[in-house]
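> I'd like to go over a predicted model; first the sequence, then the structure.
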Amino acid sequence: MTTYIYGIRHHGPGSARSLLAAFEQFQPDVILVEGPPDAQEVLAHAARVEVEPPVALLVYAQDEPARSVFYPFAQFSPEWQAIRWGLAHDAPVRFMDLPQAHRLAAAIEKDGDRNDQESEHADGESRQPVDETMDEMRLDPLAHLAQIAGYRDGERWWDHVVESHRGADTEVFQAVRDAMTALREDRPQDTTLEQQREAFMRNTIRAAAKEGFQRIAVVCGAWHAPALSELPAAAKDNALLKGLPKVKTRAAWVPWSYDRLSFYSGYGAGVASPEWYHLLWEQRELPAVHWMTRAARLMREQDLDASSAHVIEGVRLAETLATLRGRTLPGLDELMEAALSVLCNGNEVALRLIERRLVIGARLGKVPEDMPLVPLQEDLTHELKRLRLPVSADFKDYDLDLRKPNELERSQLLHRLQLLGIGWGQALQAQGRAAGTFHEHWRLQWKPEFAIAIIDAARWGTTVADAAAGIAADQAAHTDHVDALANLLGRVLLAGLPIAVDLVLKVIEQRAAVARDVAQLIAALPPLTRTRRYGSVRQTDGEVLDAILDGLVTRTCIGLPAACTSLDDEAAAQMCKALSEVDAAIMVLDHSKQLDAWRSALSQLAEQSGLHAVVAGRVARLLHDTHVATPEQTGRRLHLALSQANNPLAAAHWVEGFLSGSGLVLLHDDALWSLIDGWISQLKAEHFTETLPLLRRTFATFQPGERRQMGERAKHGATELATEASADFDLERAARVFPVLQQIFGEPA
């Protein structure tokens, strides 16, 4: 019996190529791969031609799908190539890492009822606790070797030593094993988890030998190679594995993407340049030429200059840089520097585009629909079939009548997906006859990356409704601002999640009771009002909001004077917008007690001294439009604001607040028109120049028809003024100068 340990770099095309060459020589009759034995049942699906990498194995706890971990594979991943080689050559392929059934169970015991987010990797990919005692060398031993060799990171060192290496493929495994052996000497013992992992791997090797396999190939991360080369007494390994907790797990293949390969995963590995490695896998000969050609093609697609001459010069520069640095072939560093100089002319923005497309890449894998799915995906597929919503890459528009049960459920499903961050449906602005509250317009277009978003959302629940409610509850628990909670309540209401509605309402009630920022209360009133008014359309009882709204209106009215003091120009403009929205919201509610309280607060605010001019103007306009202030009172306020004793700039701010958004009041009120017209006419030249930008900004908010009518009225008013003034002229005396003027201008008498 012969056992060969192949220590590889996860996601390394050089390792994958060397591994295939070694397999052709060794011809193993069983292949053991570092991976989750929990996924053994779905492993055979990797042989299907419909599976297009990058893909990932998802392993999750059956009763707690939020507890999950991904094992991604690219086309150039050594593990993927080992699996495909074994399945193609009828050699049994087995995963040999410590099962996630034990690791997830340990995570559950450690975290208890804590939210899963508290125990994720910092990159957000692996849903299992990070071992804080694990040192940097164990996490990335190649980075340690790179540092010794003078490289800035392990990936560039590996790229130079292995990926660009053209020597004997099989020799690299012995070299890697020797390097890892040296690194593991004279260092602290690995953590218990790592010892258990390696113990389970050794037991898997023993089991394969016991079954009678003669040529055993072991494919594992380079760090583990020395630990698996020699098998100690089985009793020691069994003692490490005795009594481990266990949960039921399930596994499924899911699509993955190259931009997510940079995240650490189930075996703690990522790669920063997957598209570059894909090129190295496909084009071993002249990779620099192929890469620079693709870069030039990308530049031309963006209408940027790039020719064959640029490609030639870029490759020459990259090769020269590699020679100066003592390297056999140009690597990614040399190619990027050459592209920056030759193709991008030093433009870092263009280089970022090249990096995004040709270094990281945007490839997305595919998985057949008949393969095992995660619970959330299964529920979504069932809901789409039940509601007759087909998935298509082409967009399709829907007009949903919410009075029909089936279309109401369609709307709720789309809103639930939006809560989960799956933007399959885009809400459109309703127009025409179907623009009422009982209609919604959606444009649906499925994108492949939504499959990954579904997997990400699986942590929140096994069904779309449960997952949407779960993420809404989490957002509510971590949101302190009442206005943000009010918007969340509206989204939850549209999604038809009664349990989440009750939960968010309780959180709003708690936050509103202690909120001291009146600006938050003001911002929360409009969305809560919309929720209260349209709750019946969604077949939801909105009466529970009445007590909250009463409290918010009362506290807003009390705190309004203080909230409107000491405002700068920007804050005053925001306050004006908020006051208008709150006024419209309270008018919509049509609650007499709330209306009286609000109007009383505005009346007191209008008389408050030290108010910013734009806020004072807006308050005066709101009181004028609701007939709380008589025309005489409005005229008095306008007259005082435009008094010559006031700063012209403050007067312009007042006019901005009063007129912003609609100038109809000027067209229908001659007294207001005359006051503003007279104020503008009396401005001095320097004051007019100072206030003109504010006035232009104000009048720019009017509708084109309003501006046209104002222009016509101003013109007509000027003619009347001229005619009225002409009554004091002596026409006979004026006529005497006509002959003289005709001679001066050369006109015939």
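Structure's in. What do you need?
> give me the number of residues near Gln682?
12 (other Cβ atoms under 10 Å). No exception for glycine: its C-beta is placed from N, CA and C like everyone else's.
> where does it sit relative to Phe688, distance-wise?
Counting by Cβ to Cβ, to the nearest Å, the gap from Gln682 to Phe688 is 10 Å.
> where does the stretch 151-300 of the chain dip in pLDDT?
152-156, 159, 162-170, 186, 188, 190, 262-270 (pLDDT under 70).
> how about the helices in it?
154-158, 171-184, 192-210, 225-229, 234-241, 274-282, 287-301 (DSSP state H, counting those that start in this stretch).
> Now render these as JSON lines, adding distance to Glu369 and mean neighbour count.
Shown next, in JSON lines, are these (distance: least, Cβ to Cβ, whole Å; neighbours: other Cβ atoms under 10 Å):
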{"stretch": "helix 154-158", "distance to Glu369": "35", "mean neighbour count": "22"}
{"stretch": "helix 171-184", "distance to Glu369": "39", "mean neighbour count": "18"}
{"stretch": "helix 192-210", "distance to Glu369": "32", "mean neighbour count": "18"}
{"stretch": "helix 225-229", "distance to Glu369": "38", "mean neighbour count": "20"}
{"stretch": "helix 234-241", "distance to Glu369": "38", "mean neighbour count": "13"}
{"stretch": "helix 274-282", "distance to Glu369": "25", "mean neighbour count": "22"}
{"stretch": "helix 287-301", "distance to Glu369": "32", "mean neighbour count": "19"}
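> Same list (those) but as CSV, adding distance to Arg410.
Shown next, in CSV, are the helices of the stretch 151-300 of the chain (distance: least, Cβ to Cβ, whole Å):
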stretch, distance to Arg410
helix 154-158, 47
helix 171-184, 55
helix 192-210, 46
helix 225-229, 54
helix 234-241, 51
helix 274-282, 38
helix 287-301, 38
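> Which one, of the ones you listed, ends up nearest to Glu64?
Nearest to Glu64, of all these, is helix 192-210, at 19.6 Å by Cβ to Cβ.
> helices or strands up against that closest one?
When contacts are defined as 3 or more Cβ pairs under 8 Å, 6 or more residues apart in numbering; DSSP states H and E, helix 192-210 packs onto strand 30-33, helix 100-111, strand 215-221, helix 225-229, helix 234-241.
> Any chance of JSON lines for those, columns distance to His624?
Below are the helices and strands packed on helix 192-210 laid out as JSON lines (distance: least, Cβ to Cβ, whole Å):
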{"stretch": "strand 30-33", "distance to His624": "77"}
{"stretch": "helix 100-111", "distance to His624": "60"}
{"stretch": "strand 215-221", "distance to His624": "75"}
{"stretch": "helix 225-229", "distance to His624": "82"}
{"stretch": "helix 234-241", "distance to His624": "81"}
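> So which of the ones you listed is nearest Ile354?
Of the helices and strands packed on helix 192-210, nearest to Ile354 by Cβ to Cβ is strand 215-221, at 30.7 Å.
> what pairs with the closest one, and is each one parallel or antiparallel?
strand 2-8 (parallel), strand 30-33 (parallel) (DSSP bridges).
> Mind listing what's buried along the longest one?
So that's strand 2-8. Buried residues in strand 2-8, counted by 16 or more other Cβ atoms under 10 Å: Thr3, Tyr4, Ile5, Tyr6, Gly7, Ile8.
> for those residues, which one is nearest Ile148?
Closest to Ile148, out of all of those and judged by Cβ to Cβ, is Gly7, at 18.0 Å.
> Identify the residues contacting that closest one.
Phe173, Val176, Arg177, Met180, Cys220, Gly221, Ala222, Trp223, His224, Ala225 (Cβ atoms under 8 Å, 6 or more residues apart in numbering).
> Farthest pair within these?
Taking Cβ to Cβ, no two of these sit farther apart than Phe173 and Trp223, at 13.6 Å.
> For this structure, spot the helix or strand the model is least confident about on average.
helix 136-139 (a mean of 58; mean pLDDT, DSSP states H and E).
> quick one: the next helix or strand after it to chain centroid distance?
For helix 136-139, the succeeding helix or strand toward the C-terminus, using DSSP states H and E, is helix 141-149. Relative to the centre of its chain, helix 141-149 is centred 34 Å away, using Cα atoms, centre = their mean, to the nearest Å.
> still on that earlier bit, out of the helices of the stretch 151-300 of the chain, which is closest to Gln418?
helix 274-282 (29.6 Å).
> quick one: the strands in this protein?
2-8, 30-33, 55-61, 68-73, 93-95, 215-221, 249-255, 396-401, 425-428, 439-444 (DSSP state E).
> The shortest one - which strands sit beside it in the sheet, and in what orientation?
This points to strand 93-95. strand 30-33 (parallel).
> chain center to the partner strand, what's the gap?
Distance, centroid of strand 30-33 to centroid of chain: 39 Å (Cα atoms, centre = their mean).
> And stretch 647-660, by the same measure?
Per Cα atoms, centre = their mean, the centroid offset for stretch 647-660 relative to its chain is 40 Å.
> Counting neighbours, show which residues of that stretch come out buried.
In stretch 647-660, counting by 16+ other Cβ under 10 Å, buried: Pro648, Ala650, Ala651, Ala652, His653, Trp654, Val655, Glu656, Gly657, Phe658, Leu659, Ser660.
> now swap in stretch 370-381 and tell me
Under 16+ other Cβ under 10 Å, the buried positions of stretch 370-381 are Pro372, Leu373, Val374, Pro375, Leu376, Gln377, Asp379, Leu380.
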